[in-house]
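Undergrad: model the following, please.
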Amino acid sequence: MGPAGSGKSTFTYALSEWIEDHEMSVTRVNFDPAAEFVPYNPDVDVREYVSVRDIMSKYGLGPNGALIAATDMLVNHISDIKNEIESLNNNYVIVDMPGQLEIVAFRRVGPLLINYLTEGRKAVSLFLIDSYLTLSPLSTISMLLLSISSMLRIGKPQIVALTKADLLTPEQEARIIRMFDEEYSCDELLESKDLFDVDLSLRLCEVVRESLVEVIPTSAVSGKGLDEVYAAIQRVLGYGEDYLTEEPSGKL
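TA: Numbers count the residues shown, from 1 in each chain. As a prediction, this is how the structure comes out:
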């Protein structure tokens, strides 16, 4: 999950391809009923259960209202969706969530749907942040606070991936990674010129550092960081093992 434009669908494609390239199976789930196009072939697609366009026409709603209504209506189909996912019996399941983060994380139905889908399974939330939104320390902290808020609402362990990292300079990438170094001091934020409230910014910086383990720079174009994301998933949920892999991968 992540804000609109963070590259969720493209990342779903890249990560699922990486998993298959390493001789493991994966189910791709499009959970966005308003998606016009996704760059992968969904194995399970909620658009087969609800149509945002039909809802707009039937109820006279705009795009945002129709998406909210469609997400609410998925409650009536969530059992069938889960059965469809489980029938595929693959090693991993990647759920590509809607771009409107507030619908997924901050309305009551979002966490309910996610908890039902993941019941009986080990699950992790992968929060994506567009690298463009981390070009200043303050914007980085703001986005990471959003990820923490989502984690609290969803109630799942979270990994943060910085997407489109191939667009960052080495210096920009190093600065972001350094925020999670043990030797980093939030006082370094004082060098930034975009601080609105210095004391608040410093306190929030400490909250972010205490709440998140790491941020992984990734690129769906080059494949950068996909192996690190996979390793982080294993650390969070599998303690270093392929916890959902029926047979060890011959490439790992």
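Undergrad: let me know the pLDDT of Glu20.
TA: The per-residue pLDDT reported for Glu20 equals 97.
Undergrad: count of neighbours near it?
TA: 14 (other C-beta atoms under 10 Å). For glycine as for every other residue, the C-beta is placed from the backbone atoms N, C-alpha and C.
Undergrad: cool, and the one 10 residues further on?
TA: Burial of Asn30 is recorded as 23 neighbouring residues (other C-beta under 10 Å).
Undergrad: SS state for the residue lying closest to it once chain neighbours are set aside?
TA: Using C-beta to C-beta, 6 or more residues apart in numbering and skipping the chain neighbours, the partner closest in space to Asn30 is Pro42 (4.0 Å). Assigned with DSSP: H, G, I helix; E, B strand; the rest coil, Pro42 falls in the coil class.
Undergrad: residues contacting the closest residue to Ala220 other than its chain neighbours?
TA: Leaving aside its sequence neighbours, Ala220 sits nearest to Ala14 (C-beta to C-beta, 6+ apart; 3.7 Å). Residues in contact with Ala14 (C-beta atoms under 8 Å, 6 or more residues apart in numbering) are Ala220, Gly223, Leu226.
Undergrad: and Ala14, that's in a helix?
TA: Yes - under three-state DSSP, Ala14 sits within a helix.
Undergrad: that one and Val75, how far apart?
TA: 30 Å (C-beta to C-beta, to the nearest Å).
Undergrad: and what of Val26?
TA: 26 Å.
Undergrad: neighbour count winner among these two?
TA: Val26 (19 against 12).
Undergrad: for the more buried one, what are phi and psi?
TA: In terms of degrees, to the nearest 10, the main-chain angles of Val26 are phi -150, psi 140.
Undergrad: going forward can the numbers begin at 54, since that is how I track them
TA: Let's use 54 as the start, then, which means that last one is Val79.
Undergrad: was I right about it contacting Ile147?
TA: Yes - using C-beta atoms under 8 Å, Val79 makes contact with Ile147 at a distance of 6.2 Å.
Undergrad: okay, and the common contacts of the two?
TA: By C-beta under 8 Å, 6+ apart, the residues touching both Val79 and Ile147 are Ser69.
Undergrad: what's in contact with the longest helix seen in the chain?
TA: Looking across the chain with DSSP state H, the single longest helix is helix 190-207. With contact meaning C-beta under 8 Å, 6+ apart, helix 190-207 is reached by 54-56, 154, 157-159, 163-164, 167, 178, 180, 182, 186-187, 210-211, 213, 228-229, 232, 241-242, 245, 247-249, 254, 257-258, 260-261, 264-265, 268.
Undergrad: quick one: it to chain centroid distance?
TA: Put simply, helix 190-207 sits 12 Å off its chain's centre (C-alpha atoms, centre = their mean, to the nearest Å).
Undergrad: report the buried residues of the strand or helix carrying Gly118.
TA: Using DSSP states H and E, Gly118 sits in helix 116-126. With burial defined by 16 or more other C-beta atoms under 10 Å, the residues of helix 116-126 counted as buried are Ala119, Leu120, Ile121, Ala122, Ala123, Thr124, Asp125, Met126.
Undergrad: ditto for stretch 283-291
TA: Buried-residue list, stretch 283-291, by 16+ other C-beta under 10 Å: Tyr283, Ala285, Ile286, Gln287, Val289, Leu290.
Undergrad: quick one, grab the pLDDT at the fourth one.
TA: Read that as Gln287. So Gln287 comes in at 91 (pLDDT).
Undergrad: and it, that one's in a strand?
TA: No - with three-state DSSP as the criterion, Gln287 is located in helix rather than a strand.
Undergrad: quick check: mean pLDDT across the longest helix of the chain?
TA: For helix 190-207, the mean confidence score works out to 88.
Undergrad: restricting to C-alpha, output that helix in CSV.
TA: The C-alpha trace of helix 190-207 is given here as CSV (Å, rounded to 0.1, in the frame of the first residue of the first chain):
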residue,chain,number,x,y,z
PRO,A,190,14.3,15.7,5.5
LEU,A,191,10.9,17.1,6.5
SER,A,192,9.0,15.6,3.6
THR,A,193,10.7,12.3,4.4
ILE,A,194,9.5,12.4,8.0
SER,A,195,6.0,13.3,6.9
MET,A,196,5.8,10.3,4.6
LEU,A,197,7.2,8.0,7.2
LEU,A,198,4.7,9.2,9.7
LEU,A,199,2.0,8.4,7.2
SER,A,200,3.4,4.9,7.0
ILE,A,201,3.4,4.5,10.8
SER,A,202,-0.3,5.7,10.9
SER,A,203,-1.2,3.1,8.4
MET,A,204,0.7,0.4,10.3
LEU,A,205,-1.3,1.3,13.4
ARG,A,206,-4.6,1.1,11.6
ILE,A,207,-3.9,-2.1,9.7
